[in-house]
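J.: Kindly generate the corresponding structure for this input.
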Amino acid sequence: MSGVPAGLDLDALDAIDVHVHVHADASGHLALDDELNAAAAKYFKGDPYNPTVHEIAADYRGTRMAAVVFTVDAEAATGQMTLSNEEIADAAAQYPDVLIPFGSIDPARGAAGIRAARRLVEQHGVRGFKFHPSLQGFEPNDRRHYPLYAELEALGVPALFHTGQTGIGSGLPGGRGIKLRYSDPMLLDDVAADFPGLTVIMAHPSVPWQDAAISVATHKANVYIDLSGWSPKYFPPQLVRAANTMLKEKVLFGSDYPLLRPERWIRDFDQLEIKPEVKPLIMKENAVRALALR
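T.: Numbers count the residues shown, from 1 in each chain. Got it, this is the predicted structure:
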């Protein structure tokens, strides 16, 4: 899917935040259970905040930013009922000037998940899909999931994968069973190689595999890195160098709202020695290309 979504004025925007979590639906149901929610808030040193789509729109309106919004379908692994992709997309459609909806499909859903992905794109205007391999409990390069990637490639929408460390489950016994190795970016090298027409976005500084993420993004034309989930003042130095040079057209602004607010991220980003001509690429232009918004 390509082209500017109706209602989105790209010229009026200074930035596109490609990583914004919907934490609650209109009835107050939460995406994470209380224990996981509290662990994530402690990890990010903030107070729990569980915004709905409507609250996200209110927070971003007036900021000259658009936000890519999504949940994570992890019900099979966590037992927590997932938020409705359809409800998120339909609510986001009420704010087309500021919100860009993504869906989330647990690859374990198999053929039903593939049908759901097509329906979300064709009937609900979803522009991409979010995966969290550690939380969802799957290896991204498991060939059982390749039919889903093939469907996304055919639909022309990107796949955004969590990579590296996660605050979800952090500090809990056994990390609540959440396995970090599923979020090794080298597993996405297989996906990007086997689906060259699929745009793959690796979310977050991929600590402890930052060099691997840089290598994959450098080697594969269809791979990007979003910079969400970390204050820029803590970015690994090799990531800053790459973002400023060889990956200047491959890195994307993302906050990880609500756990990390965009205002704080931008304030800290402004302290980095990023070339003036590179900043607008990171803040907006790279996302326009990665999300096929023109």
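
J.: Which residue is the nearest non-sequential neighbour of residue 105?
T.: Nearest non-adjacent residue to residue 105, counting by Cβ to Cβ, 6 or more residues apart in numbering: residue 113, 4.4 Å away. Placement of C-beta: from N, CA and C, glycine included.

J.: was I right about the one you found contacting residue 106?
T.: Yes. The criterion here is Cβ atoms under 8 Å, and residue 113 meets it with residue 106 at 6.5 Å.

J.: tell me which element the residue lying closest to residue 247 once chain neighbours are set aside falls in.
T.: Leaving out its chain neighbours, the residue that sits closest to residue 247 by Cβ to Cβ, 6+ apart is residue 217, at 5.7 Å. Taking DSSP states H and E as the definition, residue 217 sits inside helix 210-219.

J.: contact partners of the next helix or strand after that helix?
T.: Using DSSP H and E, the next helix or strand after helix 210-219 towards the C-terminus is strand 223-226. Residues outside strand 223-226 that contact it (Cβ atoms under 8 Å, 6 or more residues apart in numbering): 18-19, 160, 188, 192, 199-204, 206, 213-214, 216-217, 239, 243, 247, 250-254, 286, 290.

J.: now, which of those lie within strands?
T.: 18, 19, 160, 200, 201, 202, 203, 251, 252 (DSSP state E).

J.: I'd like these written out as a markdown table, with pLDDT, neighbour count and distance to residue 74 added.
T.: Formatted as a markdown table, those follow (pLDDT from 0 to 100; neighbours: other Cβ atoms under 10 Å; distance: Cβ to Cβ, whole Å):
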| residue | pLDDT | neighbour count | distance to residue 74 |
| --- | --- | --- | --- |
| 18 | 98 | 28 | 20 |
| 19 | 98 | 28 | 17 |
| 160 | 98 | 28 | 15 |
| 200 | 98 | 26 | 20 |
| 201 | 98 | 27 | 19 |
| 202 | 98 | 29 | 19 |
| 203 | 98 | 27 | 15 |
| 251 | 98 | 25 | 26 |
| 252 | 98 | 30 | 23 |
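
J.: May I ask which two of those are separated the most?
T.: Spatially, the most separated pair among these is 19 and 200, at 14.4 Å (Cβ to Cβ).

J.: returning to that earlier point: please report how far the residue nearest to residue 105 lies from residue 145.
T.: 9 Å (Cβ to Cβ, to the nearest Å).

J.: intersection of neighbour lists for the two?
T.: Taking Cβ under 8 Å, 6+ apart as the contact rule, residue 113 and residue 145 both touch residue 107.

J.: And stretch 174-184, what's buried?
T.: 176, 178, 180, 182, 183, 184 (16 or more other Cβ atoms under 10 Å).

J.: Looking at those, which are in strands?
T.: Among the buried residues of stretch 174-184, no member falls in strands (criterion: DSSP E).

J.: closest to residue 35 among the residues you listed?
T.: residue 176 (7.2 Å).

J.: In three-state terms, label residue 135 for me.
T.: helix (DSSP: H, G, I helix; E, B strand; the rest coil).

J.: Residue 35 versus the residue of the chain positioned farthest from its centre, what's the distance?
T.: Here the chain reaches farthest from its C-alpha mean at residue 173, the gap being 26.4 Å by Cα atoms, centre = their mean. Using Cβ to Cβ, residue 173 is found at 11 Å from residue 35.

J.: Repeat that for residue 160.
T.: Where residue 35 is concerned, residue 160 sits at a distance of 25 Å (Cβ to Cβ).

J.: likewise residue 50?
T.: Residue 50 is 14 Å from residue 35, by Cβ to Cβ.

J.: Look at these two and report which has more neighbours.
T.: residue 50 (18 against 11; other Cβ atoms under 10 Å).

J.: right, and that one touches residue 23 too?
T.: Yes. Judged on Cβ under 8 Å, residue 50 makes contact with residue 23 at a distance of 3.9 Å.

J.: Residue 123: neighbour count?
T.: Using other Cβ under 10 Å: residue 123 sits among 11 other residues.
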